[in-house]
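In: Please work out how this folds:
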Amino acid sequence: MATLTVVYDACVLYPAPLRDLLMHLALTDLFRARWTNRIHDEWIRSLLARRPDLKPRQLERTRKLMDANVRDCLVTGYEHLIDALKLPDADDRHVLAAAIRSGAAVIVTYNTGDFPSEYVQKFRVEARHPDDFVSQLIALAPGTVCAAVRRQRESLRNPPKTVEEFLDTLAKQQLAETVSRLRQYADLL
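Out: Below you'll find the predicted structure:
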């Protein structure tokens with residue numbers, strides 16, 4: 001069982017390709033992935049606002065699958081910590097509170113500047129961009145990460161994607177370093 005615990009911020013769960021990658025990686029046991037119902041609510045609300053073609057029940061199904069497949073993923077009992085936290089955007093305090101409550105060392109977020117390192121380090125937490133997070137996982141366990149990436153790519157049926165098409169999709173998620181590293185293992189993907 002992994003000892004590293006990470007909290008996924010809503011912004012990394014919003015884009016489906018990145019959410020799927022992070023879910024496949026969470027199933028590897030390289031780390032323990034955590035989130036809250038409030039984080040779920042945030043990414044679902046944002047996605048529905050931008051994609052009126054999606055139905056709430058579709059995203060609720062995704063939410064339930066995430067919760068059912070990642071062991072002990074939901075953080076609870078963090079709410080009392082929120083008011084004492086000081087971040088540039090008060091709306092991000094719940095994410096830091098969840099990280100503190102779950103003993104997470106990392107918040108995976110596109111918005112690293114919203115979690116100033118000099119402040120969050122007081123709680124033994126760091127904000128890490130998803131590209132940095134996944135790249136470091138590749139450096140630590142390339143075979144495990146490549147197997148997860150392969151499972152994700154092979155699960156795509158409508159339409160299926162070649163390795164190159166899949167890597168292009170990841171590149172569009174601001175994962176340039178990750179894609180560069182994965183290209184070295186293209187035959188495993």
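In: Quick check: closest non-adjacent residue to I44.
Out: Counting by C-beta to C-beta, 6 or more residues apart in numbering, I44 lies nearest to L59, which is 4.7 Å off, once chain neighbours are set aside. The way it works is simple: take the backbone N, C-alpha and C, and place the C-beta from them, glycine included.
In: Secondary structure element holding the one you found?
Out: For L59, the element it lies in under DSSP states H and E is helix 56-69.
In: Report the buried residues of that helix.
Out: L59, T62, R63, M66 (16 or more other C-beta atoms under 10 Å).
In: Same question for stretch 31-45.
Out: So for stretch 31-45, counting by 16+ other C-beta under 10 Å, buried means F31, R32, A33, R34, W35, T36, R38, I39, H40, E42, W43, I44.
In: What's the end-to-end length of it?
Out: Terminal residues of stretch 31-45 are spaced 27 Å apart (C-alpha to C-alpha, to the nearest Å).
In: can you check stretch 121-138 too?
Out: 24 Å.
In: If I look at the nearest residue in space to V70 that is not next to it in sequence, what pLDDT would I see?
Out: If the residues on either side of it in the chain are set aside, V70 comes closest to A26, at 4.8 Å by C-beta to C-beta, 6+ apart. With respect to pLDDT, A26 scores 97.
In: Measure how buried A26 is and give me the count.
Out: Per other C-beta atoms under 10 Å, the neighbour tally for A26 reads 23.
In: Report the contact partners of it.
Out: Going by C-beta atoms under 8 Å, 6 or more residues apart in numbering, A26 touches R32, A33, V70, C73.
In: The first one reaches L25, doesn't it?
Out: No. Contact criterion C-beta atoms under 8 Å: R32 and L25 do not qualify, at 11.4 Å.
In: Which of the helices or strands spans E118?
Out: Going by DSSP H and E, E118 is part of helix 117-120.
In: neighbouring contacts of that helix?
Out: K86, L87, L96, A99, I107, E126, A127.
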